[in-house]
Structure formats: structure tokens, C-alpha cells
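Enquirer: Task: produce atomic coordinates for the following.
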Amino acid sequence: MAKLRDGPGKVRAPTAFADTTGRPWRVQAKTSANGQNAIQQRALRTLKQKRMYENQLMQLQQQTWNMEQAAMTTENLKNTVSDLIWMLSGCQQSGYHMGYG
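Expert: Numbering: from 1, shown residues only. Take a look at the predicted model:
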């Protein structure tokens, strides 16, 4: 086929090919839409994974806090027992009788 010219140096496509000139753009647009969809899916997966890691971190922090509270409670109970033993020994040495028991 011969190329048609519209003036000096300009090439005009024949009308038989006029319909196909826009198709590569549509294919490319569809491909880029699929690419954008893949990027969005990956971003959603990443955000879900981030949320999962943040939840795990919060759970670990809560467990750590609970263990610290349990350790503090145990220490307070030991101190209470030692205070009672100290008070009872002081009472026995002074001859004072507490009316318990």
C-alpha cells in the first residue's frame, strides 16, 4: 500500500487502518489497569500484614505487662509475709499477745 501525504513530510494513515490505530492504547490502558489492580492488591496484603504485626506487638506488650504485674504482686505478698513474721516476732519478744486464732 502506498502512504498518503498531507503536505510536506506528513504521512496520513489510510482509512482502512484508521480503526486499528487506537487499539494499542486500549490494550495498554487495560494492561496498566491490571497493573494498578495488582499494585492495589499488594498494598492491601501489606497493610493486612502490618495490622497483624501490630496486633501481635500489642498482645506481647499486654503479656509483658501482665507478667510484670504478677511479679509485683508476688513481691508484695513476700513483703507482707515478712512484715507479719517480723511483727509476730516483735510481739513475742515483748510478750504482747495478739488476739488472733
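Enquirer: ranges for the helices of the chain?
Expert: 23-94 (DSSP state H).
Enquirer: where does it have low pLDDT?
Expert: 1-31, 96-101 (pLDDT under 70).
Enquirer: any idea how far Trp73 is from Val81?
Expert: Check again: residue 73 is Thr, not Trp. Distance from Thr73 to Val81, counting by CB to CB, to the nearest Å: 13 Å. To be clear about C-beta, it is placed using only N, CA and C from the backbone, and glycine gets the same treatment.
Enquirer: correction: Ala38
Expert: Separation of Ala38 from Val81 (CB to CB) stands at 64 Å.
Enquirer: Repeat that for Leu44.
Expert: Distance from Leu44 to Val81, counting by CB to CB: 56 Å.
Enquirer: can you check Gln59 too?
Expert: Taken as CB to CB, the span from Gln59 to Val81 is 33 Å.
Enquirer: same thing with Gln56?
Expert: Gln56 is 38 Å from Val81, by CB to CB.
Enquirer: Trp65 too?
Expert: Trp65 sits 25 Å away from Val81, taking CB to CB as the criterion.
Enquirer: Equivalent analysis for Ala43, please.
Expert: Plainly put, Ala43 is 57 Å away from Val81 if you go by CB to CB.
Enquirer: go on, Gly35?
Expert: To Val81, Gly35 is 69 Å away according to CB to CB.
Enquirer: what does Gly90 give?
Expert: 15 Å.
Enquirer: which residues touch Arg51?
Expert: By CB atoms under 8 Å, 6 or more residues apart in numbering, the contact list for Arg51 is empty.
Enquirer: shift numbering so it begins at 533
Expert: Got it, first residue is 533 now, which makes that one Arg583.
Enquirer: separation between it and Leu616?
Expert: Distance from Arg583 to Leu616, by CB to CB: 49 Å.
Enquirer: How about Ala570?
Expert: According to CB to CB, Ala570 and Leu616 sit 69 Å apart.
Enquirer: try Ser564
Expert: Noted for Ser564: a distance of 77 Å to Leu616, by CB to CB.
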